[in-house]
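Peer 1: I would like the atomic coordinates for the input below:
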Amino acid sequence: MVRPSRPSSLTAAVCVVWAALCLVLPAVVAAHQDLSDRIAELTKEIARHPKNAALYLKRGELHRLHGEWDAASADYDRATQLAPDLVAVDLARGDMLLAAGRLPAAKIALDRFLAKQPEHAVGLVLRARVLTRLGQHVAAAADFTRAIAHEPDPLPEHYLERAQALAAEGEGHLDEALGGLDEGIQKLGPLVVLELLAIDLELRKKNYDAALTRLEQVAAQSQRKEEWLVRRGEILEQAGRAEEAHEAFTQALAAIESLPAAIGHTTAMTELEARLRAALERQAAELDKKGSGEQH
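Peer 2: Now for the predicted structure:
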């Protein structure tokens, strides 16, 4: 909940509205309610209560969800005119400007909001995403770290986005990115989405054994092993361990061929098999080349 530094009955009421919006509006969209009808209803309500800043904020959020950036901005402006100390407007405005791709303006709005609410997790995440898109990866990672620290239940994507930001900054930040992923894994459990990025980062560092260890942890969570056997083969191939890679690819092909037709003939499995057969052809060519070299 957003709290201005000097609460008033108006701002407290609007903060309640804002918190409710954060919970309700995604469900509204998911239920495919007609946003245009909701906007029309709010417009009538505003006509009856033209001094109610909460109504303008609420309608501005509906305009944002509808992709109507100018209309949303106008409603945020009016809400601010009616309640100048309503800091929630800057949070909403920053979210809208981020969605509209107006990144410098989004940062200004979120900077203004976070100056008053420095520990607000949603605001920190939004600014981190703005900073990421502006190429300020280290600053973005710092905001993600602060957001995670203030979230009662941190989300996997925040650990993921922080690691991606650090990795985008360059090789010198890969250890920090991996450490952050391991922090998320320790907090949330061995989530596949976090482990897969960790595997990619281990490979960037050429830590092949570490990547294989992580892959085994991912595979252990799955009843079906063919995809992970293919991935294992690709890692071994990348490490230059051709014979082990060939064995992993062969095991993967046997696993795919043993699948029921309803599974084996799906698009995803057909694509995986094509990827696998291409890998086996590479391996065969590599082993032939190696054999020819040894004969000479």
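Peer 1: List the contacts of Glu273.
Peer 2: Shown in contact with Glu273 (C-beta atoms under 8 Å, 6 or more residues apart in numbering): 253, 256, 264. (Each C-beta comes from the backbone N, C-alpha and C, glycine too.)
Peer 1: quick one: average confidence on the host helix or strand of it?
Peer 2: Assigned by DSSP states H and E, Glu273 belongs to helix 267-295. Helix 267-295 comes out with an average pLDDT of 80.
Peer 1: low-scoring pLDDT stretches of this protein, where are they?
Peer 2: 1-33, 287, 291-296 (pLDDT under 70).
Peer 1: Recalculate using a threshold of 80.
Peer 2: Along the chain, segments meeting pLDDT under 80 span 1-33, 283-296.
Peer 1: re the thing from before, which one among the contacts of Glu273 gets closest to Lys225?
Peer 2: For the contacts of Glu273, the closest approach to Lys225 (C-beta to C-beta) belongs to Ile256, at 10.1 Å.
Peer 1: what sits up against the stretch of helix or strand that closest one belongs to?
Peer 2: Using DSSP H and E, Ile256 sits within helix 242-257. If you take C-beta under 8 Å, 6+ apart as the criterion, helix 242-257 is touched by 224-227, 229-230, 232-234, 236-237, 264, 269, 272-273, 276-277, 279-280, 283-284, 286-287, 290.
Peer 1: Any of these buried? List them.
Peer 2: In these, burial by neighbour count holds for 226-227, 229-230, 232-234, 236-237, 269, 272-273, 276, 279-280, 283, 286, counting by 16 or more other C-beta atoms under 10 Å.
Peer 1: circling back: the helix holding Ile256 versus helix 267-295: what angle between them?
Peer 2: Between helix 242-257 and helix 267-295, the angle comes out at 150 degrees (axes from the mean of the first three to the mean of the last three C-alpha atoms, to 10 degrees).
Peer 1: chain center to helix 242-257: distance?
Peer 2: Here the centre of helix 242-257 is set off from its chain's centre by 33 Å, with C-alpha atoms, centre = their mean, to the nearest Å.
Peer 1: again, but for stretch 283-290
Peer 2: The answer for stretch 283-290 is 40 Å, by C-alpha atoms, centre = their mean.
Peer 1: who touches Ala109 in this structure?
Peer 2: Applying C-beta under 8 Å, 6+ apart, the residues contacting Ala109 are 90-91, 93-94, 97.
Peer 1: what's the farthest-apart pair in the residues you listed?
Peer 2: Greatest spacing in these, by C-beta to C-beta: Leu91 and Leu97 (11.0 Å).
Peer 1: show me what contacts the residue positioned nearest the centre of the chain?
Peer 2: By C-alpha atoms, centre = their mean, the chain has its centre lying nearest to Glu157, at 4.1 Å. The contact partners of Glu157, by C-beta under 8 Å, 6+ apart, come to none.
Peer 1: Same question for Ala198.
Peer 2: 163, 178, 181-182, 185, 214.
Peer 1: go again using 7 Å as the cut-off
Peer 2: Listed by C-beta atoms under 7 Å, 6 or more residues apart in numbering, the contact partners of Ala198 are 178, 181, 214.
Peer 1: Redo the contacts of Glu273 as a markdown table? Include distance to Glu45.
Peer 2: A markdown table is the format used below for those (distance: C-beta to C-beta, whole Å):
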| residue | distance to Glu45 |
| --- | --- |
| Leu253 | 64 |
| Ile256 | 59 |
| Gly264 | 57 |
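Peer 1: filter the contacts of Ala109 to the buried ones?
Peer 2: The buried subset of those (16+ other C-beta under 10 Å) comprises 90-91, 93-94, 97.
Peer 1: Just name the closest of those residues to Tyr208, please.
Peer 2: Gly94 (42.1 Å).
Peer 1: After the helix or strand harbouring that closest one, which helix or strand is next? Please name it.
Peer 2: Following DSSP H and E, one finds Gly94 within helix 88-99. On the C-terminal side of helix 88-99, the closest following helix or strand by DSSP H and E is helix 103-116.
Peer 1: the inter-axis angle of that following helix versus helix 88-99?
Peer 2: Counting by the same axes, to 10 degrees, helix 103-116 lies at 150 degrees to helix 88-99.
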